[in-house]
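Asks: I'd like to go over a predicted model; first the sequence, then the structure.
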Amino acid sequence: MFLHLRRSRLLLSFIAFLLSIGSISIFISHSSQSADSKFPSFEQIDRICNGRRTKCFQVVDRIIPSSGEEEMVTRSLEILLPSGSTFIESKIRIRPVKHNATFVDSDTRLWKVDGEELESEYLRAMAIMPFLTRVFRLGRRKEQKKIALIGEGGASLLSHLRTLRDGIDTTIVEKEKNVVELSKRWFDVGEAVVVTADAIEWMRRKDDNATRYDVIFLDACERRSAQHCPDPLFTKEENVRSLHRILKDDTRALVVINFEIYHHKKWEMLHQQMDVLLSIFSHCISIDLKEGINMIVGCFTRPLPFYNSENQRASLDASMGFIVDQYSEAQSELLYGRIFNEFGVHSTIDGKRETILHPVDKQI
């Protein structure tokens, strides 16, 4: 009997000990939550949903951990789906208007968009493409160019291009009216013409006398298939032809396309897409990134310098040399870092697609 009571007391003492540990854990958890709630790391500043609330868009300001002394805060445009999934459509850095203002003690809704640095590496690859092909000239501050951005929710690429060049006349085409509204409110589209329309219909409706563009940036994505970007409709032959038609034909003009494919046959699918592009455009170049799955492709209306129609194979080699030289010069001006893996030059010779690949970090 005495042994039984002793065991019971020991058991009760052990249970009390466990409960005390639980109380401490709960206290620590609550304290941590209180600290987090006191100093949040993000703030939703706007949100718009469609009528049935099957798709919502939100704008979020978020403080990013940084090793430097300066606080880093970004603004992102995000899609919220009924499944609970969130996709970041666009992200850009913002800076306080007042000196020494911080994320915690000021209203970030009043902060300014800063396009100096692009957060996304694939957008840097898109931005460098006009410089590699000499549609934009290195060393110039002013460029009298007309560009169109298709699917540029958040306009982060536009904000960055503005820091590189003055005088760019811009049209943004976006089919989601809620994205257009949020972009105008929070992402400083400035004097850009913003068209709310399906881009394929917009291209088809443009007649031969309509505005033509020096550069078209295509970053319109749908997540219904393995090819997230661009929407597979854009790489149908008739729509590639429409892209070509609205580019300028009296100078070298360029379409820059973000490909994002989630499939084990990614390269086979990219080759098929390249065949379609080269059936309309005579020459394309590609940039493969060191990280991520994006492939950036630029196709142009006129060949690069040193092209010789009588020796097209040698011209491919010369084109690759030109791209590598332009990249070396662009690096000193744009300061994008070593984020690219491989360049490709693509053309059709005697009815067959020919490709030359070259590692970015290797000189020719």
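Replies: That came through fine. Numbering: from 1, shown residues only.
Asks: now do the same contact list for Ile94.
Replies: Taking Cβ atoms under 8 Å, 6 or more residues apart in numbering, we find Ile94 in contact with Asp61, Val73, Thr74, Arg75, Thr108, Trp111, Lys112, Val113, Asp114. Yep, even glycine has a C-beta here, placed from its N, CA and C like the rest.
Asks: for Thr301, which non-adjacent residue is spatially closest?
Replies: The shortest distance from Thr301 to any non-neighbouring residue, by Cβ to Cβ, 6 or more residues apart in numbering, is to Ala253 (4.7 Å).
Asks: tell me the secondary structure for the residue most central in space within the chain?
Replies: In the chain, the residue lying closest to the centroid (Cα atoms, centre = their mean) is Leu123, at 4.3 Å. Put simply, Leu123 is helix when judged by DSSP: H, G, I helix; E, B strand; the rest coil.
Asks: quick check: it touching Leu161?
Replies: No - with contact defined as Cβ atoms under 8 Å, Leu123 does not reach Leu161; the gap is 10.1 Å.
Asks: give me the pLDDT value at the residue nearest to the centre of the chain.
Replies: In this model, Leu123 is scored at 95, pLDDT.
Asks: again, but for the one 4 residues further on
Replies: Per-residue pLDDT puts Ala127 at 97.
Asks: and it, which of the three is it?
Replies: Assignment for Ala127 (three-state DSSP): helix.
Asks: quick check, Glu119 in a strand?
Replies: No - per three-state DSSP, Glu119 lies outside any strand segment and is coil.
Asks: tell me the contacts of it?
Replies: Contact analysis of Glu119 by Cβ under 8 Å, 6+ apart lists Thr74, Lys91, Ile92, Arg93, Ser156.
Asks: once you drop chain neighbours, what's closest to Pro117?
Replies: Check again: residue 117 is Glu, not Pro. Glu117 sits nearest to Arg93 (Cβ to Cβ, 6+ apart), 6.1 Å away.
Asks: please enumerate the helices of the stretch 1-150 of the chain.
Replies: Along the stretch 1-150 of the chain, counting by DSSP state H, counting those that start in this stretch, helices occupy 2-38, 121-132.
Asks: mind telling me which of these the model trusts least?
Replies: Mean pLDDT across the helices of the stretch 1-150 of the chain is lowest at helix 2-38; the value there is a mean of 42.
Asks: residues near the residue nearest to Glu117, how many?
Replies: For Arg93, the neighbour count with other Cβ atoms under 10 Å is 20.
Asks: can you check Ile172 too?
Replies: Ile172 has 25 neighbouring residues, counting by other Cβ under 10 Å.
Asks: now do the SS call for it.
Replies: strand.
Asks: that one bridge partners, please.
Replies: Ile172 forms beta bridges with Leu149, Val194, as assigned by DSSP bridges.
Asks: OK, contacts around it?
Replies: For Ile172, the contact set (Cβ under 8 Å, 6+ apart) comprises Ala148, Leu149, Glu152, Ala155, Leu158, Val180, Ser183, Val189, Ala192, Val193, Val194, Val195.
Asks: of all the residues you listed, which comes closest to Val173?
Replies: Checking the contacts of Ile172 against Val173 with Cβ to Cβ, the nearest one is Val195 at 4.8 Å.
Asks: find the residue closest to that closest one in space, skipping its chain neighbours.
Replies: Using Cβ to Cβ, 6+ apart, the closest residue to Val195 is Val173 (4.8 Å).
Asks: per-residue pLDDT, that neighbour?
Replies: Looking at Val173, its pLDDT stands at 97.
Asks: then Val97?
Replies: 92.
Asks: wait, it touches Arg109, no?
Replies: No - judged on Cβ under 8 Å, Val97 makes no contact with Arg109 at a distance of 10.8 Å.
Asks: isn't Ile147 up against Gly167?
Replies: No - at 11.0 Å, Ile147 does not count as touching Gly167 under the criterion of Cβ under 8 Å.
Asks: which of these two has more residues huddled nearby?
Replies: More crowded of Ile147 and Gly167, by other Cβ under 10 Å: Ile147, with 25 against 11.
Asks: got the contact list for that one?
Replies: Ile147 is in contact with Leu161, Ile168, Asp169, Thr170, Thr171, Tyr213, Asp214, Val215, Ile216, Phe217, counting by Cβ under 8 Å, 6+ apart.
Asks: burial of the nearest residue in space to Thr102 that is not next to it in sequence, as a residue count?
Replies: Computed as Cβ to Cβ, 6+ apart, the closest residue to Thr102 that is not its neighbour in sequence is Glu71, at 5.8 Å. Residues lying near Glu71 (other Cβ under 10 Å) number 15.
Asks: what ranges does the stretch 101-250 of the chain have for its strands?
Replies: For the stretch 101-250 of the chain, applying DSSP state E, counting those that start in this stretch gives strands covering 112-114, 146-150, 169-174, 193-196, 215-218, 227-229.
Asks: tabulate the ones you listed (JSON lines), appending distance to Ile349.
Replies: Below are these laid out as JSON lines (distance: least, Cβ to Cβ, whole Å):
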{"stretch": "strand 112-114", "distance to Ile349": "45"}
{"stretch": "strand 146-150", "distance to Ile349": "30"}
{"stretch": "strand 169-174", "distance to Ile349": "34"}
{"stretch": "strand 193-196", "distance to Ile349": "38"}
{"stretch": "strand 215-218", "distance to Ile349": "26"}
{"stretch": "strand 227-229", "distance to Ile349": "27"}
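Asks: deepest-packed of these, please.
Replies: Across the strands of the stretch 101-250 of the chain, averaging neighbours per residue (mean count of other Cβ atoms under 10 Å) puts strand 215-218 on top, at a mean of 26.
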